[in-house]
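# Dropping the sequence and predicted coords here.
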Amino acid sequence: MAQVLHIDPDHLRMRSIEQAVEVLSEGGVIIYPTDTVYGLGCDITSKSAVERIQRIKGRDAKKPMSFVCADLTDVSHYAQVSNFAYKIMRRLLPGPYTFVLPATKETPKLLRSKQKTVGIRIPDHPVSSAIVSQLGWPLLSTSANRSEQDAITNPFRLEEELGHEVDLILECGDLPVLPSSVISLIGDEVEILRRGSGDLSLLQESA
């Protein structure tokens, strides 16, 4: 059964962050809070951990998952960011948005779509930000739930339903229900792939 640590986003205990990073560095899987829903996460460089999350989710291995970067400089290692895309992302991030961009060769194959694109997140949440900064690599970002089921936003349900399949749960109470909005910026065109959290009218102002 997973260890459960309560974490206060307003008063981070770095020991809890360090414990999460230790688990991730050893190829483990965690549940962590974001600015939208709880996420299932692992180090994106750990192929076995990524495959483990696919099994937990019951997700088609051909369906790519997004990941959390530390900042826009970090994003440029894994995605091709045009001036058009950069202008939009700089305005909206950090925030509850996932941006789909052309992937670079540094993006692990498991996380690239058939079209060689990748989903990138920079959540506006101190926990996910601290984990990525300490880890030194992006963190897988997929909602903590079974595929095709609603996201689990209550920490007690997380422990009950997924606690036996992950190594650590960082919980900070109930989170909102809406996942991130997913926005494609391929070809310097804005396409909303999923309406979720966040003010999408800001896209018009940014374009």
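It's in.
# Now residue 86. Nearest residue, chain neighbours left out?
Distance criterion CB to CB, 6 or more residues apart in numbering; nearest residue to residue 86, sequence neighbours excluded, is residue 72 at 7.0 Å. All C-beta spots, glycine's among them, are computed from the backbone N, C-alpha and C.
# try residue 154
Spatially, and ignoring its direct neighbours in sequence, residue 154 is nearest to residue 174 (5.5 Å; CB to CB, 6+ apart).
# Surely that neighbour and residue 158 touch.
No. In this structure residue 174 lies outside contact range of residue 158 using CB atoms under 8 Å: 10.4 Å.
# Looking only at neighbour counts, state which of the two leads.
residue 158 (22 against 12; other CB atoms under 10 Å).
# That one in helix, strand or coil?
Following DSSP: H, G, I helix; E, B strand; the rest coil, we place residue 158 in the helix state.
# List the residues that contact the closest residue to it other than its chain neighbours.
Sequence neighbours aside, residue 152 is the residue nearest to residue 158 in space, at 5.2 Å (criterion: CB to CB, 6+ apart). By CB atoms under 8 Å, 6 or more residues apart in numbering, residue 152 lies in contact with 37, 38, 144, 145, 158, 161, 162.
# hmm, 7 Å instead?
38, 144, 145, 158, 161 (CB atoms under 7 Å, 6 or more residues apart in numbering).
# Which pLDDT value goes with the second one?
At residue 144, the model reports a pLDDT of 94.
# What separation do you get for it and residue 200?
Applying CB to CB, to the nearest Å, the value for residue 144 to residue 200 is 24 Å.
# Check the fourth one too.
Per CB to CB, residue 158 is found 28 Å from residue 200.
# now do residue 179
Using CB to CB, one obtains 14 Å as the distance from residue 179 to residue 200.
# cool, residue 90 as well?
Counting by CB to CB - residue 90 and residue 200 are separated by 17 Å.
# which of the two has more neighbours?
Neighbour comparison, residue 90 and residue 200: the larger count goes to residue 200, with 15 against 11 (by other CB under 10 Å).
# Quick check: residue 99 touching residue 180?
No. Counting by CB atoms under 7 Å, residue 99 sits too far from residue 180 to count as a contact (9.6 Å).
# Chain neighbours aside, what residue packs nearest to residue 92?
Take residue 92 and drop its neighbours on the chain: the residue closest to it by CB to CB, 6+ apart is residue 202, 5.9 Å away.
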